[in-house]
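Chemist: I would like to see how this sequence folds:
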Amino acid sequence: MVTTTLTLEQTVWEIAATVADPEIPVLTIEDLGVLRAVEVEGGADGDIVVVTITPTYSGCPAMDAIRDDIITALAVQGHTNVRVNLVLSPAWTTDWMSSAGKAKLEEYGIAPPTGKAAAGKVSVGLSVKCPQCSSLNTRELTRFGSTSCKALYVCQDCREPFDYFKVH
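Modeler: Below is the predicted model:
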C-alpha cells in the first residue's frame, strides 16, 4: 500500500484547477493553461495562499470572474486568506493548453487550436477541422467570434457554423 501526502501547494493547485472558464465552461483554468502557479506564504496572520493566473488576452473580461471563482473554491475548502495575482508576462499562448482541454473543446463543438504559436512569425492559414463532421472543407466567416479568442468558421460540407479557438 502506497500512501501519497500532498503538499499544501499541491492541494491548493488541485482546488484551483477545478475552476471552470466562465466563457467555455467545459474547460478548467488548468486545461487552458491560465493557472500558472500556487504558493503558500507564511505571515503573522497565518498562511497566505497566492494563486497566479495569466489571461488568454490582456483585456480578457473573464479574469474578474475567474479570480472570484478561485477565491470561492478555496474558501469552501477552508483557505480564506487568498491573493490572486494576474501576470501578463510571459503572454499566454495556446501552447499552454492541455491535450485534454483541446479534446474537451472539440467535444463541445469548438475546433481546438492547431499548430504552435510563433511569436514574430507570419502565420500560414491551415485548414480547420469541423468539430461536427471532421471535414477540412471549412472557411473562416469572421476573425472574431463570440469571444476575442475564437473565430467563426463554417463547414462547407455539413454547412454548420462553429467556433475555432485561435492559435495565440
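
Chemist: how much distance is there from the helix or strand hosting L74 to the middle of the chain?
Modeler: For L74, the host element (DSSP states H and E) is helix 63-76. Relative to the centre of its chain, helix 63-76 is centred 15 Å away, using CA atoms, centre = their mean, to the nearest Å.

Chemist: Which residues outside stretch 34-45 are in contact with it?
Modeler: The contact list for stretch 34-45, computed with CB atoms under 8 Å, 6 or more residues apart in numbering, reads 8-9, 12-13, 16-17, 19, 21, 28-29, 47-56, 66, 81, 87, 92, 96. For glycine as for every other residue, the C-beta is placed from the backbone atoms N, C-alpha and C.

Chemist: helices or strands up against the helix or strand following the helix holding L74?
Modeler: For helix 63-76, the following helix or strand on the C-terminal side (DSSP H and E) is strand 82-86. Applying 3 or more CB pairs under 8 Å, 6 or more residues apart in numbering; DSSP states H and E, one finds that strand 82-86 makes contact with strand 46-53, helix 63-76.

Chemist: So what touches the shortest one?
Modeler: Residues outside strand 46-53 that contact it (CB under 8 Å, 6+ apart): 8, 12, 16, 29, 34-42, 63, 66-67, 70, 74, 79, 81-87.

Chemist: Now that we have these, which of them are buried?
Modeler: 12, 16, 29, 34-36, 38, 40, 63, 66-67, 70, 74, 79, 82, 84 (16 or more other CB atoms under 10 Å).

Chemist: On the three-state scheme, T11 is what?
Modeler: State at T11, reduced to three classes by DSSP: H, G, I helix; E, B strand; the rest coil: helix.

Chemist: what's around it, how many residues?
Modeler: When neighbours are defined as other CB atoms under 10 Å, T11 has 17 of them.

Chemist: Please apply the same query to the one 10 residues further on.
Modeler: Taking other CB under 10 Å as the neighbour definition, D21 ends up with a count of 21.

Chemist: any idea how far it is from C133?
Modeler: 26 Å (CB to CB, to the nearest Å).

Chemist: can you check I53 too?
Modeler: In terms of CB to CB, I53 sits 35 Å off from C133.

Chemist: What of V154?
Modeler: 12 Å.
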